[in-house]
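Asker: Could you look at this predicted model? Sequence included:
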Amino acid sequence: MNLNQKYDLDKFKSCKIIVIGDVMLDRYLWGEVKRISPEAPVPIFQIRKRSEVIGGAGNVVRNLVGLGVSATLIGIRGNDNTGETLLGMFENQKIDSVLIKDCSRPTITKTRIISNGQQLLRIDEEDTVILEGSVKDDLLEYFGRKISECDVAILSDYGKGILQTPGIAKEIITMTANRGIPVFVDPKGTDWERYRNATCITPNTAEIELVVGEKLGDDEALVRAAKKIQKDYQIEHVLVTRGPLGMCLCESSGEIHFISSIAREVYDVSGAGDTVISTLTTGFASGLSLLDSARIANVAAGIVVGKIGTQPINILELKAAIEINNGTTGGRINHKINSLASAEVRVQAWKADNQKVVFTNGCFDLLHPGHIHLLHSAKELGDKLIVGINSDESIQRLKGPTRPILSESDRAAILGALDCVDMIVIFAEDTPVGLIQTLAPDVLVKGSDYNRETVVGGEIVEGYGGKVNLVPVLEGYSTTLLAEKMLRRAESPALPV
């Protein structure tokens, strides 16, 4: 079945979800290792770039926002510069958040050192003591104010002190139950008594093994453990994420469902659990069954593990992946299709590796030899080629209601099959100015039917020292001409090709 046709994922926009948990800053140092230190047998890491993203429970909210959800975050921060940085990031991304200041601890920070796209080391700054006094009271007070406005609550437990504090998780679950609001939990640690009466819990295999105290060597043992969790803690549903083995969903009805993993290239599993619980909860809040929500979450997880660093899912990526895989669990996700946020991080990694980034854009509706020539010519000008393609709505505004001929998902899938294309980003605006400003390509390419004055984004690229290249076009090829020829042949089949 095709999930994108069976379910209207645009219903996600009507969902309101509240998240409470451990918020942190994920910091990245991008660079390379070329030699060993003469002082000790350790590699010397040369920093090329630095970047920061919202992590932990904040990444759950980023996933929700990427899916179109109206999301609210409640957490804590330290009385430090990192806390101020986090606040500014939430404001810039227009994320509704309440970060209570706790002067007794630092803002949680995870610094990842990455060379050639691979994580070498992670450095953590944190204090995981439980909350005390007014901080705990304020947290519960804010949650109580916000919960009545929401459809579902998520407890994002990273084991950093908030949900380990006695009484907090229990009181939150009681509040939601009194209002008939489901609560989903991404757990941590071995004391799951605090999650009693939750609607759904989403451990990975290692986490559930810790709780039941045994290795789960086969599917039968896994199901036994999940049922024990349901019984011992009165949790309605258990979804176990199993990495390359997919997922196992144990429903309150007693039904067991194994969901196979989607074939994928795995670059980084950071944040995959955040994506699973975000997508699962959103699907459920939008009216989907828990099983269908889990299937969609499985697709979403397959997308984010193909990204470098902690990066959220995006509704355009999800729709494209579902359509490409035709709603089955046996397809292969095209990791060339990226949201702007994930594209930005990948481009930073490429540039840190001294790779020249080339950008071109267009509708690419009915791919023809002229397009192929342009794309191959563009790739020859650098190491990595990014293609920005107009969304369906953007093309309709530009070219009228009869276009596009092919959907954005189909166009992205076809472009993704070309070896010369390294990344695809779908943009909803009329022009790619936002993409160009964010990705800052080294080279901007258009066909020679343009001139430098009419190339959108040309001034931006040349302004920071990049180049604009116009490559020769193949005469006689255009999507409009192809569409007109198809229409004539449909009306008069006897016409010559």
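Answerer: Alright, I've got the coordinates.
Asker: Number of residues surrounding Val61?
Answerer: Residues lying near Val61 (other C-beta atoms under 10 Å) number 32. Where you see a C-beta, it was placed from the backbone N, CA and C, and this is true even at glycine.
Asker: Which stretches in the stretch 201-350 of the chain count as helices?
Answerer: For the stretch 201-350 of the chain, the helices defined by DSSP state H, counting those that start in this stretch cover 205-212, 219-233, 272-285, 290-304, 315-324, 340-352.
Asker: looking at the chain, which helix or strand does the model trust least?
Answerer: Lowest on mean pLDDT, DSSP states H and E among the helices and strands of the chain sits helix 3-6, with a mean of 50.
Asker: Provide the strand pairings for the very next helix or strand once past that helix, with the direction of each partner.
Answerer: Note on helix 3-6: by DSSP states H and E, the next helix or strand toward the C-terminus is strand 16-21. In the sheet, strand 16-21 lines up against strand 70-78 (parallel), strand 152-156 (parallel) (DSSP bridges).
Asker: what packs against the following helix or strand past strand 16-21?
Answerer: Counting by DSSP H and E, the next helix or strand C-terminal to strand 16-21 is strand 23-36. Counting contacts by 3 or more C-beta pairs under 8 Å, 6 or more residues apart in numbering; DSSP states H and E, strand 23-36 is packed against strand 43-56, helix 57-66, strand 70-78, helix 81-92, strand 108-115, helix 340-352.
Asker: Quickly compare those and say which is most buried.
Answerer: Each of the helices and strands packed on strand 23-36 was scored by mean neighbour count; the highest is helix 57-66, a mean of 28, by mean count of other C-beta atoms under 10 Å.
Asker: List of residues touching it?
Answerer: Helix 57-66 has contacts (C-beta atoms under 8 Å, 6 or more residues apart in numbering) with 17, 19-24, 26, 53-54, 71-73, 75, 86, 90, 93, 95, 97, 154, 156, 158, 186, 271, 274-275, 277-279, 281-282, 310, 312-315, 339, 341.
Asker: could you redo the last one with a cut-off of 6 Å?
Answerer: Residues from elsewhere that reach helix 57-66, judged by C-beta atoms under 6 Å, 6 or more residues apart in numbering: 17, 19, 21-23, 54, 71, 73, 75, 95, 156, 271, 274-275, 278, 310, 312-314.
Asker: Run through this protein and note the low-pLDDT ranges.
Answerer: The chain contains residues with pLDDT under 70 at 1-7, 262-270, 307-310, 320, 323-334, 353, 476-497.
Asker: Now stretch 186-206 - C-alpha only, CSV.
Answerer: Taking Å, rounded to 0.1, in the frame of the first residue of the first chain, the C-alpha atoms of stretch 186-206 are listed here in CSV:
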residue,chain,number,x,y,z
ASP,A,186,11.2,7.6,25.3
PRO,A,187,12.7,5.9,28.4
LYS,A,188,16.1,5.8,30.1
GLY,A,189,17.6,3.8,32.9
THR,A,190,16.1,0.8,34.7
ASP,A,191,13.6,2.3,37.0
TRP,A,192,10.4,2.3,34.8
GLU,A,193,8.1,2.5,37.8
ARG,A,194,8.0,6.2,37.1
TYR,A,195,6.5,5.6,33.7
ARG,A,196,3.6,3.5,35.1
ASN,A,197,0.3,4.0,33.2
ALA,A,198,1.9,5.6,30.2
THR,A,199,0.1,5.1,26.8
CYS,A,200,3.2,4.0,24.9
ILE,A,201,6.9,3.5,25.6
THR,A,202,9.6,3.3,22.9
PRO,A,203,12.8,1.6,24.2
ASN,A,204,15.5,0.2,22.1
THR,A,205,16.6,-3.4,22.5
ALA,A,206,19.5,-2.6,24.9
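Asker: I'm done for today, thanks for sticking with me.
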